[in-house]
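Trainee: Based on what follows, work out the 3D shape:
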Amino acid sequence: MCRNIKTLFNFEPPASGDEIRASALQFVRKLSGFTHPSRANEEAFNRAVDEVASAAHRLLHSLETSAPPKDREVEAEKARARARERFA
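Mentor: Below is the predicted model of the structure:
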């Protein structure tokens, strides 16, 4: 799976539309193998990003949990610590 796609569920504040779209863009890039599609493929690429973002938005807003929301800064620091350990 693409390492750049981050977990977006159960955070405070909730994931923004921009974060959901960025995640969808990374997913479509990974699937298609294109960072920037050609003009011939641009419409299909952008349509796929829109559809994935829409599905992700619906998913995130329909999920339920009893766990308290995670703090973005705390989780980001944990990820940085894991990266330091992995790449040290």
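
Trainee: In the protein, which residue is most central in space?
Mentor: Central residue of the chain (Cα atoms, centre = their mean): Ser23, 2.7 Å from the mean position.

Trainee: Could you identify the longest helix within this protein?
Mentor: helix 39-62 (DSSP state H).

Trainee: which parts of that one are buried?
Mentor: 45, 48-49, 52-53, 56-57, 60 (16 or more other Cβ atoms under 10 Å). For every residue, glycine as well, the C-beta is placed using N, CA and C.

Trainee: Tell me which residues touch Leu31, please.
Mentor: Leu31 makes contact with Ala48 under the criterion Cβ atoms under 8 Å, 6 or more residues apart in numbering.

Trainee: just the one 10 residues further on next, same as before
Mentor: Asn41 is in contact with 32, 34, counting by Cβ under 8 Å, 6+ apart.

Trainee: Relative to Ser62, how far out is it?
Mentor: 31 Å (Cβ to Cβ, to the nearest Å).

Trainee: cool, Ala48 as well?
Mentor: Applying Cβ to Cβ, the value for Ala48 to Ser62 is 21 Å.

Trainee: got a pLDDT number for Met1?
Mentor: Predicted confidence (pLDDT) for Met1: 48.

Trainee: Going forward, the N-terminal residue is numbered 826.
Mentor: Noted, 826 is the first residue going forward, which turns the last one into Met826.

Trainee: mind showing which ranges of this structure have poor pLDDT?
Mentor: 826-829 (pLDDT under 70).

Trainee: Show me where it has its helices.
Mentor: Shown for the chain, the helices assigned by DSSP H span residues 842-857, 864-887, 897-912.

Trainee: Distance to Thr832 added to those, as TSV?
Mentor: What follows is those, written out as TSV (distance: least, Cβ to Cβ, whole Å):
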stretch	distance to Thr832
helix 842-857	9
helix 864-887	10
helix 897-912	8
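
Trainee: Select, out of those, the one closest to Phe836.
Mentor: helix 897-912 (5.5 Å; Cβ to Cβ).

Trainee: and the closest one, how far from the chain's centre?
Mentor: Relative to its parent chain, helix 897-912 has a centroid offset of 17 Å by Cα atoms, centre = their mean, to the nearest Å.
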